[in-house]
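A.B. asks: sequence plus predicted model, see below.
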Amino acid sequence: MHSENFIRTGIYPRCILNILLILENYRKDAMLESNGLLTYEDISVTNHGLDSKDRCWIKAYCSNKQKPIGFICWDSGKVTFTNFNAKLTRENLDIGRSTKRGNENTAGAHGEGLKIAAMVMTRNGYKVRMESSGCYWNFKITGRNADQFKCNISIIAEDKQMELADKHQRKMAKKDPTPQGLVTKDVTIQIGRVMGKGEKIRRSTFEKWMKISLDLDPPGNSSDLVKTRLGTLILDPKYEGKIYLKGLLMEERGSLRQFKYGYNLKYGRVNRDREMITNIMEQARTITDIWRDGILAKEKLLLTKYVDMLKSSEEYADVDRVESYISDAVAKKIWHEIRYIESDNSSFFYYPLGPSAKSVSE
(Lines give C-alpha, C1' and ligand atoms only; values in the text may rest on other atoms or scores of the structure.)
Protein backbone atom coordinates (compact mmCIF):
# COMPACT_ATOMS: atom_id res chain seq x y z
CA MET A 1 0.00 0.00 0.00
CA HIS A 2 1.32 3.41 -0.97
CA SER A 3 0.38 6.37 1.24
CA GLU A 4 0.45 9.84 -0.29
CA ASN A 5 0.24 12.85 2.02
CA PHE A 6 -0.36 15.46 -0.61
CA ILE A 7 -2.26 18.46 0.76
CA ARG A 8 -2.73 20.62 3.84
CA THR A 9 -6.36 21.15 4.73
CA GLY A 10 -6.54 24.82 5.55
CA ILE A 11 -8.18 26.11 2.36
CA TYR A 12 -11.24 24.88 0.51
CA PRO A 13 -14.06 26.44 -1.56
CA ARG A 14 -17.01 28.13 0.08
CA CYS A 15 -19.87 25.82 -0.75
CA ILE A 16 -20.49 22.08 -0.94
CA LEU A 17 -22.28 22.60 -4.28
CA ASN A 18 -19.00 23.95 -5.64
CA ILE A 19 -17.46 20.56 -4.92
CA LEU A 20 -20.08 18.73 -6.92
CA LEU A 21 -19.41 21.21 -9.71
CA ILE A 22 -15.74 20.23 -9.55
CA LEU A 23 -16.60 16.54 -9.75
CA GLU A 24 -19.04 17.06 -12.62
CA ASN A 25 -16.41 19.19 -14.35
CA TYR A 26 -13.87 16.40 -13.87
CA ARG A 27 -16.32 13.76 -15.10
CA LYS A 28 -17.19 15.59 -18.32
CA ASP A 29 -13.62 16.65 -19.09
CA ALA A 30 -12.43 13.07 -18.56
CA MET A 31 -15.14 11.77 -20.91
CA LEU A 32 -13.87 14.05 -23.65
CA GLU A 33 -10.30 12.85 -23.20
CA SER A 34 -10.97 9.13 -22.83
CA ASN A 35 -13.41 8.91 -25.75
CA GLY A 36 -11.62 11.17 -28.22
CA LEU A 37 -14.51 13.66 -28.31
CA LEU A 38 -14.05 17.28 -29.33
CA THR A 39 -16.68 19.24 -27.39
CA TYR A 40 -19.33 18.78 -24.72
CA GLU A 41 -21.93 18.81 -27.48
CA ASP A 42 -20.65 15.36 -28.47
CA ILE A 43 -21.96 14.07 -25.11
CA SER A 44 -25.65 13.51 -24.42
CA VAL A 45 -26.97 12.80 -20.93
CA THR A 46 -30.11 10.88 -20.00
CA ASN A 47 -31.67 10.86 -16.55
CA HIS A 48 -33.25 7.42 -16.22
CA GLY A 49 -34.71 8.16 -12.80
CA LEU A 50 -35.29 5.40 -10.25
CA ASP A 51 -35.05 1.72 -11.14
CA SER A 52 -36.79 -1.22 -9.47
CA LYS A 53 -34.15 -1.24 -6.70
CA ASP A 54 -34.70 2.45 -5.87
CA ARG A 55 -31.43 3.52 -7.47
CA CYS A 56 -31.23 6.75 -9.43
CA TRP A 57 -29.33 6.49 -12.73
CA ILE A 58 -27.92 9.21 -14.98
CA LYS A 59 -26.04 7.92 -18.02
CA ALA A 60 -23.84 9.67 -20.57
CA TYR A 61 -23.60 8.71 -24.24
CA CYS A 62 -21.67 9.96 -27.25
CA SER A 63 -23.11 10.27 -30.73
CA ASN A 64 -21.40 7.22 -32.25
CA LYS A 65 -22.02 4.75 -29.41
CA GLN A 66 -25.17 3.09 -28.11
CA LYS A 67 -23.66 1.97 -24.82
CA PRO A 68 -23.03 4.56 -22.09
CA ILE A 69 -19.55 6.06 -21.76
CA GLY A 70 -20.11 6.86 -18.11
CA PHE A 71 -22.75 7.20 -15.43
CA ILE A 72 -23.74 8.71 -12.09
CA CYS A 73 -25.72 6.55 -9.68
CA TRP A 74 -27.27 7.26 -6.29
CA ASP A 75 -27.83 4.09 -4.28
CA SER A 76 -28.69 3.86 -0.56
CA GLY A 77 -26.70 6.86 0.59
CA LYS A 78 -23.80 6.55 -1.86
CA VAL A 79 -23.11 8.40 -5.12
CA THR A 80 -20.95 6.72 -7.76
CA PHE A 81 -19.31 8.57 -10.67
CA THR A 82 -17.84 6.25 -13.34
CA ASN A 83 -16.02 7.06 -16.57
CA PHE A 84 -15.41 4.06 -18.81
CA ASN A 85 -12.05 3.58 -20.55
CA ALA A 86 -10.26 6.09 -18.32
CA LYS A 87 -7.46 5.95 -15.78
CA LEU A 88 -5.79 7.75 -12.89
CA THR A 89 -2.09 7.74 -12.11
CA ARG A 90 -0.09 8.68 -9.03
CA GLU A 91 0.78 11.98 -10.72
CA ASN A 92 -2.90 12.96 -10.71
CA LEU A 93 -2.54 13.63 -6.98
CA ASP A 94 0.02 16.37 -7.56
CA ILE A 95 -1.36 19.85 -6.93
CA GLY A 96 -1.18 21.89 -10.12
CA ARG A 97 -0.95 18.91 -12.45
CA SER A 98 -3.58 18.98 -15.17
CA THR A 99 -3.88 17.42 -18.64
CA LYS A 100 -6.51 20.05 -19.54
CA ARG A 101 -4.44 23.21 -19.37
CA GLY A 102 -4.62 25.09 -22.68
CA ASN A 103 -7.57 23.02 -23.93
CA GLU A 104 -10.48 25.32 -24.79
CA ASN A 105 -12.89 22.37 -24.93
CA THR A 106 -12.55 21.57 -21.24
CA ALA A 107 -13.54 23.68 -18.24
CA GLY A 108 -10.87 22.74 -15.70
CA ALA A 109 -7.21 23.69 -15.85
CA HIS A 110 -5.85 24.37 -12.36
CA GLY A 111 -4.83 20.81 -11.55
CA GLU A 112 -6.40 20.81 -8.09
CA GLY A 113 -10.15 20.30 -8.57
CA LEU A 114 -10.36 16.57 -7.93
CA LYS A 115 -8.08 16.76 -4.89
CA ILE A 116 -9.96 19.70 -3.38
CA ALA A 117 -13.27 17.94 -4.03
CA ALA A 118 -12.12 14.78 -2.24
CA MET A 119 -10.78 16.83 0.69
CA VAL A 120 -13.93 18.89 1.23
CA MET A 121 -16.20 15.86 0.93
CA THR A 122 -14.08 14.08 3.55
CA ARG A 123 -14.21 17.18 5.78
CA ASN A 124 -18.01 17.02 5.57
CA GLY A 125 -18.08 13.47 6.86
CA TYR A 126 -18.41 11.58 3.60
CA LYS A 127 -16.20 8.67 2.67
CA VAL A 128 -14.34 9.19 -0.63
CA ARG A 129 -12.96 6.17 -2.47
CA MET A 130 -11.68 5.79 -6.02
CA GLU A 131 -11.02 2.69 -8.11
CA SER A 132 -8.70 2.92 -11.10
CA SER A 133 -5.53 1.56 -12.70
CA GLY A 134 -5.71 -1.65 -10.70
CA CYS A 135 -5.72 0.23 -7.38
CA TYR A 136 -8.05 1.32 -4.61
CA TRP A 137 -7.60 4.96 -3.59
CA ASN A 138 -8.88 5.86 -0.10
CA PHE A 139 -8.78 9.38 1.30
CA LYS A 140 -8.65 10.43 4.94
CA ILE A 141 -7.74 13.40 7.11
CA THR A 142 -4.88 12.80 9.55
CA GLY A 143 -2.41 14.69 11.71
CA ARG A 144 -2.52 15.76 15.35
CA ASN A 145 -4.56 18.83 14.39
CA ALA A 146 -6.42 17.14 11.53
CA ASP A 147 -4.49 19.37 9.14
CA GLN A 148 -3.21 16.77 6.68
CA PHE A 149 -5.05 15.03 3.88
CA LYS A 150 -3.81 11.60 2.90
CA CYS A 151 -4.54 9.15 0.10
CA ASN A 152 -3.76 5.47 0.62
CA ILE A 153 -3.26 3.70 -2.70
CA SER A 154 -3.67 -0.08 -2.47
CA ILE A 155 -2.43 -2.09 -5.46
CA ILE A 156 -4.65 -5.05 -6.28
CA ALA A 157 -2.80 -8.35 -6.76
CA GLU A 158 -2.76 -9.69 -10.33
CA ASP A 159 -4.76 -12.81 -9.51
CA LYS A 160 -7.39 -10.67 -7.79
CA GLN A 161 -7.51 -8.34 -10.82
CA MET A 162 -8.13 -11.33 -13.09
CA GLU A 163 -10.87 -12.54 -10.76
CA LEU A 164 -12.57 -9.11 -10.80
CA ALA A 165 -12.28 -8.90 -14.59
CA ASP A 166 -13.85 -12.35 -15.02
CA LYS A 167 -16.69 -11.48 -12.66
CA HIS A 168 -17.27 -8.18 -14.49
CA GLN A 169 -17.34 -9.93 -17.87
CA ARG A 170 -19.99 -12.38 -16.68
CA LYS A 171 -22.17 -9.53 -15.38
CA MET A 172 -21.85 -7.55 -18.60
CA ALA A 173 -22.81 -10.62 -20.65
CA LYS A 174 -26.28 -10.62 -19.11
CA LYS A 175 -29.23 -9.11 -20.93
CA ASP A 176 -29.52 -5.38 -20.19
CA PRO A 177 -26.74 -5.41 -17.58
CA THR A 178 -26.44 -2.80 -14.85
CA PRO A 179 -23.52 -0.45 -15.70
CA GLN A 180 -20.50 -1.10 -13.53
CA GLY A 181 -16.92 0.12 -13.55
CA LEU A 182 -13.92 -2.19 -13.69
CA VAL A 183 -10.98 -1.17 -11.54
CA THR A 184 -8.40 -2.14 -14.18
CA LYS A 185 -9.83 -0.14 -17.11
CA ASP A 186 -12.23 2.53 -15.77
CA VAL A 187 -12.31 5.33 -13.19
CA THR A 188 -14.90 5.11 -10.42
CA ILE A 189 -15.37 7.66 -7.62
CA GLN A 190 -17.63 6.78 -4.69
CA ILE A 191 -18.83 9.35 -2.16
CA GLY A 192 -21.02 9.00 0.92
CA ARG A 193 -21.63 5.79 2.87
CA VAL A 194 -18.98 3.57 1.26
CA MET A 195 -18.19 0.08 2.59
CA GLY A 196 -19.83 0.88 5.91
CA LYS A 197 -17.97 4.16 6.46
CA GLY A 198 -18.95 7.80 6.07
CA GLU A 199 -22.17 9.77 6.23
CA LYS A 200 -25.06 8.81 3.95
CA ILE A 201 -26.07 11.11 1.13
CA ARG A 202 -29.83 11.53 1.08
CA ARG A 203 -31.64 11.30 -2.22
CA SER A 204 -32.98 14.85 -1.78
CA THR A 205 -29.42 16.06 -1.29
CA PHE A 206 -28.27 14.18 -4.38
CA GLU A 207 -31.08 15.72 -6.45
CA LYS A 208 -30.08 19.18 -5.24
CA TRP A 209 -26.46 18.52 -6.18
CA MET A 210 -27.43 17.50 -9.69
CA LYS A 211 -28.81 20.97 -10.39
CA ILE A 212 -25.28 22.28 -10.88
CA SER A 213 -25.25 20.74 -14.37
CA LEU A 214 -27.53 21.86 -17.19
CA ASP A 215 -27.25 18.36 -18.67
CA LEU A 216 -28.60 16.85 -15.47
CA ASP A 217 -31.25 19.53 -14.89
CA PRO A 218 -32.37 20.73 -18.35
CA PRO A 219 -35.45 22.85 -19.15
CA GLY A 220 -38.57 20.78 -19.66
CA ASN A 221 -39.23 22.31 -23.07
CA SER A 222 -36.43 22.13 -25.64
CA SER A 223 -37.89 25.18 -27.41
CA ASP A 224 -36.66 27.23 -24.44
CA LEU A 225 -33.08 26.59 -25.61
CA VAL A 226 -31.76 28.76 -28.44
CA LYS A 227 -28.38 27.40 -29.51
CA THR A 228 -25.77 29.58 -31.21
CA ARG A 229 -22.08 29.20 -32.07
CA LEU A 230 -21.00 30.95 -28.84
CA GLY A 231 -23.49 29.41 -26.45
CA THR A 232 -27.13 28.81 -25.64
CA LEU A 233 -29.78 31.32 -24.61
CA ILE A 234 -32.16 29.83 -22.00
CA LEU A 235 -35.65 31.35 -22.07
CA ASP A 236 -37.22 29.26 -19.29
CA PRO A 237 -37.94 31.65 -16.34
CA LYS A 238 -36.69 28.95 -13.95
CA TYR A 239 -33.15 29.65 -15.22
CA GLU A 240 -33.35 33.43 -14.96
CA GLY A 241 -29.97 34.90 -14.06
CA LYS A 242 -28.11 31.57 -14.21
CA ILE A 243 -24.82 31.43 -16.10
CA TYR A 244 -23.38 28.06 -17.14
CA LEU A 245 -19.98 27.39 -18.65
CA LYS A 246 -19.99 24.31 -20.87
CA GLY A 247 -23.05 23.07 -19.02
CA LEU A 248 -21.77 23.72 -15.48
CA LEU A 249 -23.44 26.28 -13.21
CA MET A 250 -21.12 29.10 -12.21
CA GLU A 251 -20.95 30.62 -8.75
CA GLU A 252 -23.09 33.75 -8.57
CA ARG A 253 -21.12 36.97 -8.37
CA GLY A 254 -22.40 40.16 -6.83
CA SER A 255 -23.48 42.60 -9.54
CA LEU A 256 -25.57 45.75 -9.74
CA ARG A 257 -27.10 44.42 -12.93
CA GLN A 258 -28.95 41.12 -13.09
CA PHE A 259 -29.55 38.88 -16.08
CA LYS A 260 -33.15 38.43 -17.21
CA TYR A 261 -32.39 35.16 -19.01
CA GLY A 262 -30.04 32.23 -18.53
CA TYR A 263 -26.96 31.45 -20.62
CA ASN A 264 -24.78 28.42 -21.27
CA LEU A 265 -21.47 29.68 -22.67
CA LYS A 266 -19.27 27.54 -24.88
CA TYR A 267 -15.96 29.22 -24.15
CA GLY A 268 -14.27 30.43 -20.99
CA ARG A 269 -12.36 29.42 -17.89
CA VAL A 270 -13.13 29.25 -14.19
CA ASN A 271 -11.04 30.33 -11.23
CA ARG A 272 -10.46 28.33 -8.06
CA ASP A 273 -13.80 29.44 -6.60
CA ARG A 274 -15.61 28.13 -9.70
CA GLU A 275 -16.35 31.68 -10.87
CA MET A 276 -15.96 32.55 -14.54
CA ILE A 277 -12.73 34.27 -15.46
CA THR A 278 -13.92 37.14 -17.60
CA ASN A 279 -14.24 40.89 -17.63
CA ILE A 280 -17.35 42.97 -18.11
CA MET A 281 -16.56 43.90 -21.70
CA GLU A 282 -15.86 40.30 -22.77
CA GLN A 283 -19.05 39.13 -21.12
CA ALA A 284 -21.12 41.90 -22.72
CA ARG A 285 -19.70 41.12 -26.18
CA THR A 286 -20.43 37.39 -25.84
CA ILE A 287 -24.01 37.89 -24.63
CA THR A 288 -24.66 40.46 -27.38
CA ASP A 289 -23.32 38.04 -30.01
CA ILE A 290 -25.51 35.22 -28.68
CA TRP A 291 -28.57 37.44 -29.06
CA ARG A 292 -27.40 38.54 -32.51
CA ASP A 293 -27.15 34.97 -33.77
CA GLY A 294 -30.42 34.06 -32.06
CA ILE A 295 -32.37 37.00 -33.50
CA LEU A 296 -31.05 36.40 -37.00
CA ALA A 297 -32.16 32.76 -36.75
CA LYS A 298 -35.42 33.18 -34.78
CA GLU A 299 -36.51 36.79 -35.16
CA LYS A 300 -40.19 36.25 -34.31
CA LEU A 301 -39.31 34.49 -31.07
CA LEU A 302 -36.54 36.77 -29.82
CA LEU A 303 -36.67 40.28 -31.27
CA THR A 304 -39.56 41.53 -29.12
CA LYS A 305 -37.94 40.05 -25.98
CA TYR A 306 -34.71 41.89 -26.75
CA VAL A 307 -36.47 45.19 -27.45
CA ASP A 308 -38.41 44.83 -24.19
CA MET A 309 -35.14 44.63 -22.26
CA LEU A 310 -33.77 47.69 -24.06
CA LYS A 311 -36.92 49.67 -23.24
CA SER A 312 -37.21 48.45 -19.64
CA SER A 313 -36.45 50.73 -16.70
CA GLU A 314 -34.48 47.79 -15.29
CA GLU A 315 -30.83 47.85 -16.32
CA TYR A 316 -30.44 44.23 -17.37
CA ALA A 317 -26.95 42.79 -17.75
CA ASP A 318 -28.21 41.03 -20.91
CA VAL A 319 -28.06 44.36 -22.80
CA ASP A 320 -25.08 45.90 -21.04
CA ARG A 321 -22.85 47.82 -23.52
CA VAL A 322 -25.06 46.71 -26.39
CA GLU A 323 -24.40 50.01 -28.15
CA SER A 324 -20.73 49.04 -28.49
CA TYR A 325 -21.13 45.50 -29.79
CA ILE A 326 -24.46 45.23 -31.61
CA SER A 327 -24.30 44.36 -35.30
CA ASP A 328 -25.75 46.62 -38.00
CA ALA A 329 -28.20 43.91 -39.06
CA VAL A 330 -29.70 43.51 -35.59
CA ALA A 331 -29.65 47.25 -34.91
CA LYS A 332 -31.80 47.82 -38.02
CA LYS A 333 -34.24 45.10 -36.92
CA ILE A 334 -34.51 46.69 -33.47
CA TRP A 335 -35.07 50.12 -35.01
CA HIS A 336 -37.86 48.88 -37.26
CA GLU A 337 -39.45 47.03 -34.33
CA ILE A 338 -39.40 50.14 -32.14
CA ARG A 339 -40.82 52.32 -34.90
CA TYR A 340 -43.64 49.79 -35.40
CA ILE A 341 -44.41 49.60 -31.67
CA GLU A 342 -44.29 53.36 -31.21
CA SER A 343 -45.97 54.33 -34.49
CA ASP A 344 -48.99 55.77 -32.64
CA ASN A 345 -46.92 57.44 -29.92
CA SER A 346 -46.53 61.10 -30.82
CA SER A 347 -44.14 61.70 -27.94
CA PHE A 348 -41.61 59.14 -29.16
CA PHE A 349 -38.27 60.62 -30.21
CA TYR A 350 -34.68 59.60 -30.81
CA TYR A 351 -31.23 61.15 -30.84
CA PRO A 352 -29.45 61.04 -34.20
CA LEU A 353 -25.74 61.58 -34.66
CA GLY A 354 -26.32 65.32 -34.73
CA PRO A 355 -26.95 67.48 -31.66
CA SER A 356 -30.71 67.80 -32.03
CA ALA A 357 -33.47 65.30 -31.31
CA LYS A 358 -35.89 64.47 -34.10
CA SER A 359 -39.29 62.88 -34.15
CA VAL A 360 -39.57 59.47 -35.77
CA SER A 361 -42.28 60.82 -38.03
CA GLU A 362 -39.94 63.38 -39.58
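C.D. replies: Looks like it came in fine.
A.B. asks: got the domain ranges for the chain?
C.D. replies: For the chain, the structural domains run 2-212, 222-350, going by automatic domain parsing.
A.B. asks: can you add mean pLDDT and mean neighbour count and give those domains back as CSV?
C.D. replies: All C-beta atoms are positioned from the backbone trio N, CA, C, and that covers glycine. Listed next are these as CSV, based on pLDDT from 0 to 100; neighbours: other C-beta atoms under 10 Å:
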stretch, mean pLDDT, mean neighbour count
domain 2-212, 78, 17
domain 222-350, 86, 16
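A.B. asks: what helix or strand is residue 177 on?
C.D. replies: Under DSSP states H and E, no helix or strand contains residue 177.
A.B. asks: how far away is the spatially closest residue to it that is not a sequence neighbour from residue 165?
C.D. replies: Counting by C-beta to C-beta, 6 or more residues apart in numbering, residue 177 lies nearest to residue 171, which is 5.7 Å off, once chain neighbours are set aside. Here residue 171 is placed at a distance of 11 Å from residue 165 (C-beta to C-beta, to the nearest Å).
A.B. asks: repeat for residue 283
C.D. replies: Separation of residue 283 from residue 165 (C-beta to C-beta): 49 Å.
A.B. asks: helix, strand or coil for residue 46?
C.D. replies: The three-state label for residue 46, taken from DSSP: H, G, I helix; E, B strand; the rest coil, comes out as strand.
A.B. asks: and stretch 228-246, end to end?
C.D. replies: 13 Å (C-alpha to C-alpha, to the nearest Å).
A.B. asks: and if you look at stretch 164-179?
C.D. replies: Where stretch 164-179 begins and where it ends lie 15 Å apart, using C-alpha to C-alpha.
A.B. asks: going forward can the numbers begin at 753, since that is how I track them
C.D. replies: With the count now opening at 753, the last piece we talked about shows up as stretch 916-931.
A.B. asks: how far does it sit from the chain's center?
C.D. replies: Computed by C-alpha atoms, centre = their mean, to the nearest Å, the chain-centroid distance of stretch 916-931 equals 30 Å.
A.B. asks: tell me which stretches of the stretch 903-1052 of the chain form strands.
C.D. replies: With DSSP state E, counting those that start in this stretch, the ranges of strands along the stretch 903-1052 of the chain come out as 939-944, 977-979, 983-986, 995-997, 1000-1001, 1014-1017, 1021-1022, 1028-1029.
A.B. asks: could those go into TSV alongside distance to residue 888?
C.D. replies: Below are the strands of the stretch 903-1052 of the chain laid out as TSV (distance: least, C-beta to C-beta, whole Å):
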stretch	distance to residue 888
strand 939-944	10
strand 977-979	41
strand 983-986	39
strand 995-997	33
strand 1000-1001	28
strand 1014-1017	36
strand 1021-1022	30
strand 1028-1029	35
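A.B. asks: nearest to residue 838, of these?
C.D. replies: Ranking the strands of the stretch 903-1052 of the chain by distance to residue 838, with C-beta to C-beta as the measure, places strand 939-944 first at 4.3 Å.
A.B. asks: adjacent strands (with direction) for the closest one?
C.D. replies: With DSSP bridges as the test, strand 939-944 is paired with strand 830-835 (antiparallel), strand 879-884 (antiparallel).
A.B. asks: would TSV of these with distance to residue 1081 be doable?
C.D. replies: Listed next are the strands paired with strand 939-944 as TSV, based on distance: least, C-beta to C-beta, whole Å:
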stretch	distance to residue 1081
strand 830-835	43
strand 879-884	51
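A.B. asks: out of those, which is closest to residue 1016?
C.D. replies: Closest to residue 1016 of the strands paired with strand 939-944, according to C-beta to C-beta: strand 830-835, at 21.4 Å.
A.B. asks: now that closest one, how far from the chain's geometric center?
C.D. replies: Between the centre of strand 830-835 and the centre of its chain there are 16 Å (C-alpha atoms, centre = their mean).
A.B. asks: where exactly do the helices run in the protein?
C.D. replies: Along the chain, the stretches classed as helices by DSSP state H are 768-787, 865-875, 910-924, 955-961, 1032-1049, 1051-1063, 1074-1077, 1080-1093.
A.B. asks: now render those helices as a markdown table, adding distance to residue 838.
C.D. replies: Formatted as a markdown table, the helices of the chain follow (distance: least, C-beta to C-beta, whole Å):
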| stretch | distance to residue 838 |
| --- | --- |
| helix 768-787 | 4 |
| helix 865-875 | 12 |
| helix 910-924 | 15 |
| helix 955-961 | 21 |
| helix 1032-1049 | 31 |
| helix 1051-1063 | 40 |
| helix 1074-1077 | 40 |
| helix 1080-1093 | 43 |
